[in-house]
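Undergrad: return a 3D structure for these sequence lines:
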Amino acid sequence: MSVETPQAQDVVRNVTVRLGNEFSTKLSSVAVGVIVRAAYRDLQEQIVPEALGDMLHRLARHRIARLVQVL
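TA: As a prediction, this is how the structure comes out:
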């Protein structure tokens, strides 16, 4: 188990805000946050730290887009 660094916390927060704004008409900010944090956990220790922001945004956005298509 790794500890979330302050930089990772900032990345998760920024991605949550960006995707929350993008999907605000489809999902609550709480739901977006849950999806982003789950994506973060899936990516943890799987990618280089420098790629976290981009990869987290892509993975979480993909999951949210797929979810809202079903709703």
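Undergrad: where does the chain dip in pLDDT?
TA: 1-3 (pLDDT under 70).
Undergrad: Ala38 and Asp10, how far apart?
TA: As judged by C-beta to C-beta, to the nearest Å, Ala38 and Asp10 stand 18 Å apart. C-beta here means a position set from N, CA and C on the backbone, and glycine is covered the same way.
Undergrad: gap between the longest helix belonging to the chain and the chain center?
TA: In the chain, assigned by DSSP state H, the helix with the most residues is helix 52-70. Relative to its parent chain, helix 52-70 has a centroid offset of 7 Å by C-alpha atoms, centre = their mean, to the nearest Å.
Undergrad: what sits up against it?
TA: Contacts to helix 52-70, defined as C-beta atoms under 8 Å, 6 or more residues apart in numbering, come from residues 8, 11-12, 14-15, 18-19, 22-23, 26-27, 32, 35-36, 38-40, 42-43, 47.
Undergrad: if you count neighbours, what's buried in it?
TA: Of the residues in helix 52-70, 52-53, 55-57, 59-61, 63-64 count as buried by neighbour count, 16 or more other C-beta atoms under 10 Å.
Undergrad: contact partners for the residue nearest to the spatial centre of the chain?
TA: Nearest to the mean C-alpha position of the chain, by C-alpha atoms, centre = their mean, lies Val36 at 2.6 Å. Val36 sits next to 12, 15-16, 19, 56, 60 when contact means C-beta under 8 Å, 6+ apart.
Undergrad: how about the secondary structure of Ser24?
TA: Secondary structure, DSSP: H, G, I helix; E, B strand; the rest coil: Ser24 is coil.
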